[in-house]
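> Generate a structure from the sequence data that follows.
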Amino acid sequence: MVLTEVPVNSRINIEVTASEQVLQYQSLVVSFKGNRMVIDPIIMDGMMLSLSSSPNISIDLIYTRDDESPVIFENVHVSTFKYLGKIKYLVQSFSRGKKINRRGAPRMFLGIKGNVQLGINRSSFDVVVKDISQTGFAFAAARNVHNAVNTPVKLRYLDGDEKIDIVGEIVRKTVMEEKKIIYGCQILINKDHFQKYVLRKEKMYKESLNNKDININPKKRALMRALKER
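A predicted model of the protein is given here:
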């Protein structure tokens, strides 16, 4: 896939890696200028985020498609310019996009309320458990934790009558809005109970995909859309 094949008005993620920290920000494809993509600027605390590649900073663009693997354009070049009188980002890719599966395992959406504790002897806070897999999990929170990547995390939640307790490490952070942050984690301690739980969820998930008569609760569908990392 080449950059110009990404549809206008698509939501994309800009992933910035600097000093072993990985941050993700959402943006919108506005137009194209030749083979370069025009996207909306990222606004944080009322200021436009300055994006520029350097030997210590790399920038990737990720396009998520419905029912297909995401596509990543690595080491893109980002500059600013005026488009119809407004400042936008201009993105240039020097290679074709590649399909990715971040965890290498199927992810199942949950949308269940939970609680996390970061590090040792730190206060806990409420979250929404976004999805799980055999190798990782993701949760959404209103709290923007600085230097979150590589931080140990303990997640607890109830799925029906089943109490789930997972220990992992944050590997990425996606800033969707100032009060909506998604943290992606890899599992550090994979208990036998959790593995069996995920296998049961995978079976239910596959059955729901094969059964076209199953309708997703409208509230859950709305939550899936709200938490989708595009």
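> pLDDT wise, what is L188 at?
Per-residue pLDDT puts L188 at 87.
> need the contact list for it.
Taking C-beta atoms under 8 Å, 6 or more residues apart in numbering as the contact definition, L188 lies against 152, 167-169. Heads up, the C-betas are built off the backbone N, CA and C, glycines and all.
> so which helix or strand takes in it?
According to DSSP states H and E, L188 maps onto strand 180-189.
> Relative to N150, how far out is the residue located most distally from the centre of the chain?
Most distant from the centre of the chain: G85, at 31.0 Å, with distances by C-alpha atoms, centre = their mean. Here G85 is placed at a distance of 42 Å from N150 (C-beta to C-beta, to the nearest Å).
> so the top strand by length along the chain versus strand 180-189, what angle?
Secondary structure of the chain per DSSP state E: the longest strand is strand 162-177. Interaxial angle of strand 162-177 relative to strand 180-189 (axes from the mean of the first three to the mean of the last three C-alpha atoms, to 10 degrees): 140 degrees.
> what's strand 162-177 in contact with?
Outside strand 162-177, the residues within contact range by C-beta under 8 Å, 6+ apart are 13, 15, 22-26, 44, 102, 118, 132, 136-137, 144-145, 148-158, 181-189, 191, 194, 197, 227, 229.
> to the chain's geometric centre, what's the distance from it?
Here strand 162-177 is found 11 Å from its chain centre; the criterion is C-alpha atoms, centre = their mean, to the nearest Å.
> in it, what's buried?
Buried residues in strand 162-177, counted by 16 or more other C-beta atoms under 10 Å: 164, 166-168, 170-176.
> Within its sheet, name the partner strands of that strand and how each one runs.
Using DSSP bridges, the strands paired with strand 162-177 in its sheet are strand 21-33 (parallel), strand 152-159 (antiparallel), strand 180-189 (antiparallel).
> got these as CSV, with distance to K201 columns?
Formatted as CSV, those follow (distance: least, C-beta to C-beta, whole Å):
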stretch, distance to K201
strand 21-33, 25
strand 152-159, 8
strand 180-189, 14
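> comparing those strands, which gets the lowest mean pLDDT score?
Among these, strand 21-33 scores lowest, with a mean of 86.
> Now do it: distance to the chain's middle.
When distances are taken as C-alpha atoms, centre = their mean, strand 21-33 is centred 13 Å away from the chain's centroid.
> And the contacts of it?
Residues outside strand 21-33 that contact it (C-beta under 8 Å, 6+ apart): 4, 6-16, 37-42, 49, 62, 83, 88-90, 147, 149, 171-176, 182, 229-230.
> After it, which helix or strand is next?
Sequence-wise, the next helix or strand downstream of strand 21-33 (DSSP H and E) is strand 36-39.
> partners of that next one, with directions?
In the sheet, strand 36-39 lines up against strand 21-33 (antiparallel), strand 86-92 (antiparallel) (DSSP bridges).
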